[in-house]
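Visitor: What would the 3D arrangement of this be:
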Amino acid sequence: MTNVGSIDTPAAAGDLIRARRREHGLSQLALAEAAGVSRKFIVDLEAGHERAELGKTIAVLHALGLSLAATEPIPRGSEYDPARRDYATTFSQLIGARDFEFAIKMLAEYATASLKAGRPLLHRSPRLQEPHWSAALAGITNYTAHRLGQPAPLWTRRIRPLTEAWLPAESYRTVREPMKKLTMSETPPELAAMNVFIRERSLATA
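Guide: Predicted coordinates for the structure are as follows:
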């Protein structure tokens, strides 16, 4: 009979991964190479580090023949499927509610989902009341179109660049000057052209 336990803390996940790794006779380095992560990530994960990235954690579990199971049904439908999400409505709602932190996460999801789908998923202008966010979405749409070797949707041409440099992260927290400079140096040119600055590594994982 298989023992079923609840993994409800990072420490519990780390204990399980360490035990399974040892059962397989793997070193931390060997597991890291199998999962495509760094050895330091394995060290932190086994130590119960609370900021371990979920995507990398799942890759480690997969390398050990483990998987996560949901105790509740997984939600289905376009609202939960990045490739079918109505991003114009989503951003209108988030900006209207001033939920800027989640809106930034959705910028990354939009970019990643567009790259995976092979086309920019915003077919029409979101018609936001906030010109900063309209410029950000136009810049990201141009960025994904360029990476895919496609023309950008016509609506992006109607969005004007901002008159001053803007980091979306500043909409909900203070960004220190060294991070501002790093962000501006690592922003794709399509976003910089709109005077919007987001590091490319934070924008898309596809």
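
Visitor: next SSE after the helix or strand of the chain with the lowest mean pLDDT?
Guide: Lowest by mean pLDDT, DSSP states H and E among the helices and strands of the chain is helix 54-63, with a mean of 83. Counting by DSSP states H and E, the next helix or strand C-terminal to helix 54-63 is helix 87-96.

Visitor: mind listing what residue 18 touches?
Guide: Contacts here follow Cβ atoms under 8 Å, 6 or more residues apart in numbering; on that basis residue 18 touches residue 46. The way it works is simple: take the backbone N, C-alpha and C, and place the C-beta from them, glycine included.

Visitor: Look up the closest residue to the most centrally placed residue in the chain, ignoring the ones flanking it.
Guide: By Cα atoms, centre = their mean, the chain has its centre lying nearest to residue 108, at 4.6 Å. Nearest residue to residue 108, sequence neighbours excluded (Cβ to Cβ, 6 or more residues apart in numbering): residue 203, at 5.7 Å.

Visitor: Isn't that neighbour up against residue 107?
Guide: Yes - using Cβ atoms under 8 Å, residue 203 makes contact with residue 107 at a distance of 7.0 Å.

Visitor: what about the two, which has more around it?
Guide: residue 107 (25 against 21; other Cβ atoms under 10 Å).
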